[in-house]
Every structure is written in C-alpha cells, then in structure tokens.
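Visitor: Just need the structure, nothing else, for what follows:
(one chain, ligands or ions: 1)
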Amino acid sequence: MNRNTLLCILTLMTCPAGASDIAIKIQGPAKSISPDLFGIFFEDLNWAADGGLYGELVQNRSFEYSPEDHGGWNEMTGWDFVERDGGKGFVTVKSDAPLHFNNPHYAVLGLQKNGATGIRNSGFDGVSLKAGEKYDFSVFARQLAGPGGPLVVRLETKTGDLLAEAKLPAPDSGWQKYHGVLEPTNTDADARLVLLTTGEGQVALDVVSLFPQATFHNHPNGLRADLAQVIAELHPKFVRFPGGCLVHGDGVDNIYNWKNTIGPVEQRKEQRNIWNYHQSVGLGYFEYFQFCEDIGAKPLPVVAAGVCCQNSGHAVTQVWEQGQRGLAMADMPAYIQDVLDLIEWANGPANSVWGAKRAAAGHPESFHLQYLGIGNEDKQTGVFRERFKMIYDAVKSKHPEITIIGTVGPRPNDDDYRQGWKFANELGIAMVDEHYYESPEWFLNNLNRYDSYDRTKSKVYVGEYASRDNNLFNALAEAAYMTALERNGDIVHFSSYAPLLCNTRHVNWKPDMIYFDNTNIVRSANYYVQQLFGQNAGETYLPMSVEPAITNFSISCVRDSQSHDVILKLVNASTNAVTARIDLASVGKINPAATRIVLQGAPNGNNSFEHPYEIAPKTNGFTASQSFSVEVESTSFSLIRMKTK
Ligand code: AHR
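Guide: I've put the predicted structure just below:
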C-alpha cells in the first residue's frame, strides 16, 4: 500500500472523486475497542423529565411552582378552583405546618356548607388517559377546620364530562395519604383531574398525584412507558444524567443536589430548573439508577465541580456570560462529602448510612456505580480548577475504584478545550468529556480527529455532540463520525448524542434525538443512526482499507464477541451511489444468511408527527460470503450483520 492510499484510509476523505466502484478489504490487525462506546445523555431540558419521561400526570402536584421558576408562575399554576352542586368556598395556599419542610406549600380548600368545592389540574398540556388502563391517584390531606367530608376524585373531559370517579375517606386532622384507583371509560389526551371536598370546613391538600399503573417496568413513581421503551431500544451502554448545564446550575444556589432527589417524593426538595421551568425531582437519583438497571446501562452521574454554569443569570437577564462562581471554600467540605456520600448511596452495603437509604427505597443491592463525571464544560478558571481538584483528590483517595471523568469545555478546539486538556494531563485524569455542536460538514471534515490522540493520555468521553439538525444528511454526518469513533474506540471510551428528549410544546434546544407530546413520539433520523450503532456494537475493531477512498464515504467493521457476528457499516453521505466490493477473507467462515439494514432517503428528509417514518431503517435478508459486492445507495447508511459461526 502506498503512502497516498494509506492517507486516504486514515481520513476517508477527498481522494480522486468520480469513482463509484470501490474495494473494501480487511487490512491490518484487529484491536480491542471500548465495549461501552455508545450511550445516552439525559438532561431535564425541553421538559424531558416532568411532562416527559417522568410518569406523573399532575403538573405542580405539590404547589411549589414560583415566579422564579418561570415568569408568571405561582403556587397555583396548573390548577383552577371549582365549585360544584351549589357549593361555595375558596382555595388558598399556605405554608405553616407543612407536610415536610422540604415541601413547604400546600393548598387549602374551603367549603361553606353544602355541595362541593375543588381544584382541577390540567396536567402537562392536558392529562393524557387511555380507556381500559388503571391509574393510581394519591393525595396527602389534613382537615384543618369543620367536620369535612369524603374527598371525591374525578377524571373529566375538558368540558366536564365524567371519565372516572373514586371516593376517598373524609380526611383526618393530621397529614395522611389517601389512595384511589381510576379507570377512565374513554381515551382522552386532554383530560382534567378534579379533586373535590364534600364536607363543610377547610381541608389542606398536598402532593396530588396521578400515575398510570403501567409505567415502564411497572415501577411505582415510574417512567412513561412508551418513551422509556423508545430510549431502551437504543441499547445504550450507559446513561449520563441528570444533565449538562442543569448540573452546575444557574448560580451556586441552583447547583443540582442529588440528596434532595431521593427518599419519599413528598420529602424531596423541588427546585428551579436552569432551563426556565421547574423540577419536581420526582424523577430523582433512585429513579435514574433504577432506569439504568432496567435497560442494562451503566449509570454515569455527573456532579458539579463546585462552580455554577458560566452562563448563569441568563434566564433573568437574557445576557450570557454572567460569570462562573464557585462555592465558598467554607462550603466545600460539605459539598465534597455529598459527592462521597453519593458513591456510598449507590454502592455501599445496605447497613452503611447512605446505602441504608438506597435499601429503604427498595434496592438493598449495589447499583454498581463505576463512573463519575465531575463538572460540565466549565470555564477553565482558577476558581474551577481549585474546586475540581479538591473533589477529584477526595474521590480518588476514598474511592480509587471509581473512574472519574473530567471536563474540557463546550467546544471542540477553543481555549477551554486546550486548558482543560492541559489540566487533565497534569492531574492524570482517567477520562475527559468533550462537547461539540457543529455543522454536518464539520463532522465530515473531522473524521480523523481522534486518529492522532495520544493513547497514553486520558481517554475521551464525547459527552455531547450533534450536527445541528434532524435531516438525513445530518444523521449521516453523525453516522460517518461514529464509524470514526469505532475506529478510535481504543481511546474514545464513551459517546452520547445530545440532547436526548424534546417535548415539542416546550422547546429549549434543538435539534434533539426524540420528539414527543402527550401521545406521539417521533424518532428522528439521528435516533435511528444511534440505534443502529447501539444495537450493532462490537468490542473488536477490524481495520479495513478502501480503494480508492472517496468523498463522504465512511466505513467501519466490528466483531461482537458474544454473538461472534461481524458487523460492517457503510455510510454514504454523498449523492452518488457506490458499488463496493467487499473482501472479508481474513474473517474466516461466514454464514451466507446475513441481515442488511438500510437507512436511506433524500438528504433533507426528516421525520415529524405527521410523517414519523419518512426516514426509518429497512431490514432485509442478505446473502453474505467472504467476498461479495453491494450497492450502497446515495445518502444512505447500510449495515450488514454476518454470522461467523
Ligand atoms: O445539551 C444542551 C446543553 O448543551 C447542555 O446542557 C450543555 O452541557 C451544553 O452546552
């Protein structure tokens, strides 16, 4: 092989064009690559948690919304007061003698005499109900004055027609939880939940909750099943959570505190979301770890590096770069202890202080935490470095078994990136988290980014990347890039597209991988690329030559050690079809009964609620052998999975 051919193989870029016939051949020794290369990044933005993956159907269930969360919001946002059957009264919000000090506000419903008064919740853009399914209702209530009477919970259409009803006992004078099961007669995507008091007096109400019984894996306080299933079908090897900017927060008081997110939901501390809304934290650390376990993914929590987001203040001032601030040095020991406690909570024995809390939540076994991210694309300042090192040293010394992931800024090659890498090299950090949101052309022009990375330095986690749109061409640019990640899977250990989820009525950030509303889910073309790589990953990379190398055509070939399958991926981001002659002689015996999956369409094709499957993979049988030809369609991603035993 001459030097030019070698260069073409390395870059798979612009060699003499026009050639639509190419020869692809296994060339060179196989190498081990990360078995966990493709995972997901979950952030609570675009209403990804409340009103998204979290199965709760009542919005502002604990009356904790406030104007700081979002201009114009208050404790009664999402709720209306209703008077029924001639009942007269009022609703107000109080905070004395609350259910729990972390959950200070509650509603007080007054009824003067006969009839009923109540509160009606409109859910997250409507309460979405399915006929024939069962829903668990619960509320904490306390009779403050008067004799009171039974509570009545109703599911109603928007115009007040009854869909289901349950009667609950008259509340006691102390806080108690009351339950009911509701089974709506009709499917309705825009229903309402109404909670009525039928006895004279005043009743306090808090944590008014409605969940489908059919959550993902049927967990109580669980996840929306259809959305969780779509995520599970990516076959992610890890889940990074609870976010990017959400983690380091909008000011030091807004830094995500995992301890506020565990335990009974009525005792969790809700808080403002940096993305200009609210976090009930009902989807908290226990639920994240449980989800990882359910889908066979490794948990990858990220904690702030003791500094807030460098863009803090944006929601209020609409001005970026308000400045990074660090926790006061006096607060750092407690903060570091919180990080150490997280590891004990996840992995410690059930009789340890924090392991006992995990066990009390129903999980005495370890969650097998192996990785911990510290920091999220933070500005590389002295304030950051000092705090990062304090946390890093403490975790390393107490938990050498945990692999720490550092951070190297928000862009692929700026000053924070360079400073971040310098710092990582000084400390010898095991892995660093790179982020980039760039054009598809950038991805296609940077396929050799990791070819020259020093294999003796930190491993790489490509923690956030996307090619800035959801057209097929964008997805193909990402697919091409993912072939390069596989080629560099000896240095790139993890990667995750970002962001994962977007509720189409509450968009903070685009593009995203999965779009949804209360009843629809759309997998983007980018989703299918991630899914095809996730479902067809391998732990051994088989280097291949392409002659002649042509523009915007990339390949990779891996072997999956469990099935012994060899998986060939061919990404043609050009508008010309390519005929590829494949030589797999050195792989050994190949079973002719293979599978070919093709994702193809117009470069600007994409999926929508109206056309959810415009760009979707098609699977066909394929006859493979040690040497065969395949027509790779224009703007397509083809995957051939072959059995070798
Ligand atoms: O993925 C959206 C945002 O992009 C993340 O919160 C942040 O880390 C990055 O800037």
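Visitor: alpha carbons only for contacts and neighbour counts from here, please
Guide: Noted.
Visitor: Name the residues of stretch 260-268 that are buried.
Guide: Asn260, Thr261, Ile262, Gly263, Val265, Glu266, Gln267, Arg268 (16 or more other CA atoms under 10 Å).
Visitor: Include pLDDT when you put the residues you listed into JSON lines, please.
Guide: Putting those into JSON lines (pLDDT from 0 to 100) gives the following:
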{"residue": "Asn260", "pLDDT": "98"}
{"residue": "Thr261", "pLDDT": "98"}
{"residue": "Ile262", "pLDDT": "98"}
{"residue": "Gly263", "pLDDT": "98"}
{"residue": "Val265", "pLDDT": "98"}
{"residue": "Glu266", "pLDDT": "98"}
{"residue": "Gln267", "pLDDT": "98"}
{"residue": "Arg268", "pLDDT": "98"}
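Visitor: with those in mind, which one is nearest to Tyr515?
Guide: Thr261 (25.6 Å; CA to CA).
Visitor: What sits closest to the closest one if chain neighbours are left out?
Guide: Setting aside the residues directly before and after it, Thr261 is nearest to Gly284 in space (CA to CA, 6 or more residues apart in numbering), at 4.6 Å.
Visitor: And that neighbour, what's its pLDDT?
Guide: Gly284 carries a pLDDT score of 98 in this model.
Visitor: Show me which of the buried residues of stretch 260-268 is closest to the ligand.
Guide: Thr261 (19.0 Å; CA to the nearest ligand atom).
Visitor: Check the secondary structure at Phe286 for me.
Guide: Under DSSP: H, G, I helix; E, B strand; the rest coil, Phe286 falls in the helix class.
Visitor: Around the ligand, which positions in the stretch 301-450 of the chain sit nearby?
Guide: Asn376 (CA under 6 Å from any ligand atom).
Visitor: can you pull out the helices in the stretch 301-450 of the chain?
Guide: With DSSP state H, counting those that start in this stretch, the ranges of helices along the stretch 301-450 of the chain come out as 314-317, 332-347, 353-360, 382-398, 415-427, 440-445.
Visitor: which residues in the stretch 101-250 of the chain form strands?
Guide: 106-111, 116-121, 127-129, 135-145, 151-156, 162-168, 176-182, 188-197, 201-212, 238-241 (DSSP state E, counting those that start in this stretch).
Visitor: re earlier: can you add secondary structure and distance to the ligand and give the buried residues of stretch 260-268 back as a markdown table?
Guide: Listed next are the buried residues of stretch 260-268 as a markdown table, based on DSSP: H, G, I helix; E, B strand; the rest coil; distance: CA to the nearest ligand atom, whole Å:
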| residue | secondary structure | distance to the ligand |
| --- | --- | --- |
| Asn260 | helix | 20 |
| Thr261 | helix | 19 |
| Ile262 | coil | 22 |
| Gly263 | coil | 26 |
| Val265 | helix | 25 |
| Glu266 | helix | 27 |
| Gln267 | helix | 27 |
| Arg268 | coil | 23 |
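Visitor: returning to that earlier point: as JSON lines, the helices of the stretch 301-450 of the chain with mean neighbour count and mean pLDDT would be great.
Guide: Below are those laid out as JSON lines (neighbours: other CA atoms under 10 Å; pLDDT from 0 to 100):
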{"stretch": "helix 314-317", "mean neighbour count": "14", "mean pLDDT": "56"}
{"stretch": "helix 332-347", "mean neighbour count": "19", "mean pLDDT": "98"}
{"stretch": "helix 353-360", "mean neighbour count": "19", "mean pLDDT": "98"}
{"stretch": "helix 382-398", "mean neighbour count": "17", "mean pLDDT": "98"}
{"stretch": "helix 415-427", "mean neighbour count": "17", "mean pLDDT": "98"}
{"stretch": "helix 440-445", "mean neighbour count": "19", "mean pLDDT": "98"}
